[in-house]
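# A predicted structure for the sequence below; I have some questions about it.
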Amino acid sequence: MEREEVRQIKQNVMEKKIIAIVRGLKREDCMKLAEALYEGGINMIEVTFDQTCQDNNYQNTVESIHAIAQEYEGRIYVGAGTVLNRSQVDLAKSAGAKYIITPSTDVDVIRYAKEQGLVAMPGAMTPSEVVTAYAAGADFVKIFPSDNLGASYIKALKAPLKHIPMLAVGGVNEKNVAEFMKAGAVGAGVGGNLVNAEWIKHGEFSKITELAKEMMKNACQ
């Protein structure tokens, strides 16, 4: 039987649509960013693992996930991104992550994430990968890289695979997000086009809030 929390997160993805993707930020900036995004209507944040920083056991990612999970419990659903193996699933879960996002179709990681009671959102590109991911238990399949493939590609995938909920990830912005939704995506992951590194560097979090509002309006129209 599916856990109530899993059902809530899946429903939230369908309703709120936008997952903000955070890469390489310190915990302090993650907290400021989380507040800015929440004020803009976005309540899902994916903190990614940096696969080049294994020596400290991904301390920055784990600390950021934990801090957001603790401070915004009941308000923001935080997940882990670029998850490549079981140990990273364990680290993410122990930190408070509620969902696991991968760049690839790894059946073992998908199944393990589900065994741990987490929502699984693996990455896929081809029809075969999409079907394989969903058959392994994926709750949503991330079509990546969506900017290279285009909204028309998602529309083509959805024709025979309309039963599989898909997310558009890669190059999604406030101007094209509606196009991806109309093509059949149920949501989208948005990184640098929303989590603007220069704005964060200069403390201009109000700009992120305003962009988040625009992103939400266009995605949910």
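Received, thanks. These numbers were taken from a predicted model, which means no experiment stands behind them. Residues are numbered from 1 along each chain as shown.
# for the nearest residue to A36 once chain neighbours are set aside, grab the count of nearby residues.
Nearest residue to A36 in three dimensions, chain neighbours excluded: F205, at 3.9 Å (Cβ to Cβ, 6 or more residues apart in numbering). In this view, the C-beta of every residue, glycine as well, is placed from N, C-alpha and C. Per other Cβ atoms under 10 Å, the neighbour tally for F205 reads 20.
# F205 and Y38 touch, don't they?
No - the pair F205 / Y38 is not scored as a contact, 11.0 Å apart, by Cβ atoms under 8 Å.
# give me the phi and psi angles of the residue nearest to A36.
The phi/psi pair for F205 (degrees, to the nearest 10) reads phi -70, psi -20.
# list the contacts for it?
Contacts for F205 (Cβ atoms under 8 Å, 6 or more residues apart in numbering) come out as K32, L33, E35, A36, W199.
# same question for N43.
Contacts of N43 by Cβ under 8 Å, 6+ apart are N12, K16, L37, R75, I76, Y77.
# please redo it, this time with the cut-off set to 6 Å
Taking Cβ atoms under 6 Å, 6 or more residues apart in numbering, we find N43 in contact with K16, I76.
# any idea how far it is from F144?
Using Cβ to Cβ, to the nearest Å, one gets 22 Å for the distance from N43 to F144.
# what of P122?
On the measure of Cβ to Cβ, P122 and F144 end up 10 Å apart.
# how far away is H163 from Y134?
Going from H163 to Y134 by Cβ to Cβ gives 8 Å.
# same question for A92.
21 Å.
# and those two? which has more neighbours close in?
Neighbours per residue (other Cβ under 10 Å) separate A92 from Y134, with A92 holding more: 29 against 22.
# so I9 makes contact with V119?
Yes - proximity of I9 to V119 meets the contact threshold set by Cβ atoms under 6 Å, at 4.9 Å.
# low-confidence ranges, the protein, go.
Low-confidence segments of the chain, defined by pLDDT under 70, are located at 1, 54-55.
# mind listing the strands for it?
18-22, 44-48, 77-81, 99-101, 119-121, 123-124, 141-143, 166-169, 187-190 (DSSP state E).
# take these and lay them out in CSV including mean neighbour count.
Compiled in CSV, the strands of the chain are given as follows (neighbours: other Cβ atoms under 10 Å):
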stretch, mean neighbour count
strand 18-22, 26
strand 44-48, 25
strand 77-81, 27
strand 99-101, 27
strand 119-121, 26
strand 123-124, 24
strand 141-143, 28
strand 166-169, 27
strand 187-190, 27
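# among these, single out whichever gets nearest to K175.
For the strands of the chain, the distance to K175 is smallest for strand 187-190, at 11.6 Å, taking Cβ to Cβ.
# residues contacting the closest one, please?
So strand 187-190 is contacted by V13, K17, I19, I21, L167, A168, V169, V172, V177, F180 (Cβ under 6 Å, 6+ apart).
# closest one of these to E210?
For these, the nearest to E210 is V177 (15.3 Å; Cβ to Cβ).
# contacting residues for that closest one?
With Cβ under 6 Å, 6+ apart, V177 has these contacts: A188, N218, A219.
# leaving out the residues flanking it, which one is nearest to it?
In space, and not counting its chain neighbours, V177 is closest to A219: 4.7 Å by Cβ to Cβ, 6+ apart.
# from what I can see the one you found touches K17, true?
Yes - with contact defined as Cβ under 6 Å, A219 reaches K17; the gap is 4.4 Å.
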